[in-house]
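K.L.:
Output the structure for:
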Amino acid sequence: MTEAASSRIVVPASDAARRRSAAKAPGEGPGDRSRLAILWYSVVRGVLATVFGSLGGWRATGRRNVPPKGAALLVANHASYLDVLLLGISVHRPLNFVARSTLFFPPLGWLIHSVGAFPIQREGMGASGMKETLRRLRAGGIVVLFPEGTRCCDGELGPLKPGIAALVARAGVPVLPAGIAGTFDAWPRSQLFPLPGRLRIHFGPPLTPEQIAGMEPQAVTALLGQKIGECISVARDGLRRDRGG
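P.N.:
Predicted coordinates:
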């Protein structure tokens with residue numbers, strides 16, 4: 001992703017933008033996914049939820065903040081490969097995942113594509129990634145982004161890529177922050193295989209386009225980092241209670 005050309009974010013507030021936000025999401029209507037694809041997504045989600053439940057348990061809070069329909073950008077911290085799976089089982093609507101292009105090799109590429117992932121270049125979203133993200137948002141879907149760009153090395157939220165502000169401005173849809181806890185302990189990037197452990201995720205109130213309108217790109221990036229951090233704190237507090245701490 002690249003920094004916005006303008007020094008000020010202007011969020012579309014036209015009738016067309018509002019119609020895009022109110023469009024039906026994949027899974028609630030035909031959208032751009034077939035019934036078979038939606039069924040497959042549900043099967044994978046159910047299997048993963050069962051596996052996670054048997055390997056330590058997981059819990060999601062704040063799910064009432066997830067828009068029941070319409071387009072949204074879901075932004076979260078990224079500490080482990082488990083983050084994607086936890087997000088998928090925690091949201092009842094089918095999600096669209098932004099994934100780096102190097103993950104699209106057989107058979108993994110087929111599997112992640114089948115559940116809604118699409119590729120971007122590792123160094124940034126690029127024109128094709130931006131186009132596909134906007135296309136899926138216009139179809140009424142939820143697109144998942146990890147604004148840090150990669151998994152962290154220490155379990156803490158890293159700096160957000162500045163290009164997220166440009167994407168938020170162009171999308172003109174609600175931005176839903178989420179915080180994940182426990183996945184770094186279970187499967188950090190320095191570890192070959194995951195270990196059983198309790199996991200938590202918390203969804204915060206979405207930021208509306210009107211709340212972001214007129215903000216400088218740096219301010220948008222800082223605000224998203226703040227909201228994700230707040231969600232992480234809630235998730236960690238819940239995880240400590242789960243562990244009896």
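K.L.:
what about the residue nearest to the spatial centre of the chain, distance to Ala99?
P.N.:
Centroid-nearest residue in the chain, with Cα atoms, centre = their mean: Val144, separated by 2.6 Å. Counting by Cβ to Cβ, to the nearest Å, the separation of Val144 from Ala99 is 9 Å. The way it works is simple: take the backbone N, C-alpha and C, and place the C-beta from them, glycine included.
K.L.:
still on that earlier bit, hey, what's the residue nearest to the centre of the chain bridged with?
P.N.:
Beta-bridge pairing of Val144 under DSSP bridges involves Leu74, Phe97.
K.L.:
how much space is there between it and Ser90?
P.N.:
11 Å.
K.L.:
any common contacting residues for the two?
P.N.:
Common contact partners of Val144 and Ser90 (Cβ atoms under 8 Å, 6 or more residues apart in numbering): none.
K.L.:
Need the per-residue pLDDT for Gly129.
P.N.:
Looking at Gly129, its pLDDT stands at 84.
K.L.:
Show me the helices in the protein, by range?
P.N.:
In the chain, the helices defined using DSSP state H lie at 15-22, 35-54, 82-90, 108-114, 126-138, 164-171, 183-186, 209-212, 217-242.
K.L.:
Turn those helices into a markdown table, columns for distance to Leu199 and mean neighbour count.
P.N.:
Below are these laid out as a markdown table (distance: least, Cβ to Cβ, whole Å; neighbours: other Cβ atoms under 10 Å):
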| stretch | distance to Leu199 | mean neighbour count |
| --- | --- | --- |
| helix 15-22 | 30 | 14 |
| helix 35-54 | 7 | 14 |
| helix 82-90 | 6 | 21 |
| helix 108-114 | 20 | 13 |
| helix 126-138 | 26 | 17 |
| helix 164-171 | 25 | 24 |
| helix 183-186 | 6 | 22 |
| helix 209-212 | 29 | 16 |
| helix 217-242 | 8 | 18 |
